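1. predicted model, plus sequence, below.
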Amino acid sequence: MANNNIVIVGNLTADPELKFTPSGAAVASFSVASTERKFDRGTNAWVDGDTTFMRVSAWRDLGEHIAESLKKGDKVIVTGRLKSNVVEKDGQKTTYFEVEAEHVGPSLEWATAVVTRVTKNGGGLGNGQAAAPQAQAPQQSAPQAAPAAQPQQYAQPAQAGGYQGDF
């Protein structure tokens, strides 16, 4: 069976919507709009091309983290599996495509981000509980030593066939 992997870069069209299944699994749903940019040689300028809207679902911890971190308008990078779904309504079958996300992150092309790691209950990474910041003792500044007069020499390898030149 083929994996239909896809990468989409675009902007969120609305805040992610977080829901829970009856068994308690979290799923975030959102839509990404990706607009093609083309260079118009006639006007010597970049212009917008067609826009593709793609529905995305993200399950469990990933879905919760997306809902906590991203909002409408954020530019994102989504990787995942392309899936087709058939819906029948009033006797008409309609096929639509959706990405089941494996990885989602903010694009840092026009933004910055602060990454906060989360821990699972009992260790590891991943359930939405932020790791508590570690208390650090204040550091006292030590007097600066004068720079060495000559650069430090690196030892030459001792085994046969080792590098014999300067570093």
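-> Everything's here; your move.
2. what residues are up against the nearest residue to S57 once chain neighbours are set aside?
-> Once its chain neighbours are removed from consideration, S57 has its nearest residue in S29; the separation is 5.2 Å (C-beta to C-beta, 6 or more residues apart in numbering). To be clear about C-beta, it is placed using only N, CA and C from the backbone, and glycine gets the same treatment. Shown here is S29, whose contacts under the criterion C-beta atoms under 8 Å, 6 or more residues apart in numbering are P16, E17, K19, R55, V56, S57, A58.
3. ok, so what distance separates the third one from S84?
-> I take that to be K19. 22 Å (C-beta to C-beta, to the nearest Å).
4. the more surrounded of the two?
-> Of the pair K19 and S84, K19 is the one with more neighbours under other C-beta atoms under 10 Å, namely 12 against 9.
5. show me where the chain has its helices.
-> Counting by DSSP state H, the segments of the chain that form helices are 60-69.
6. so where do the strands sit in it?
-> Counting by DSSP state E, residue ranges of the strands within the chain are 5-12, 17-20, 26-40, 45-59, 75-89, 92-106, 118-119, 129-130.
7. now H103: how far from V78?
-> Distance, H103 to V78, by C-beta to C-beta: 7 Å.
8. so where's this protein uncertain?
-> Low-confidence segments of the chain, defined by pLDDT under 70, are located at 1-2, 121-167.
9. nice, that's everything, thank you.
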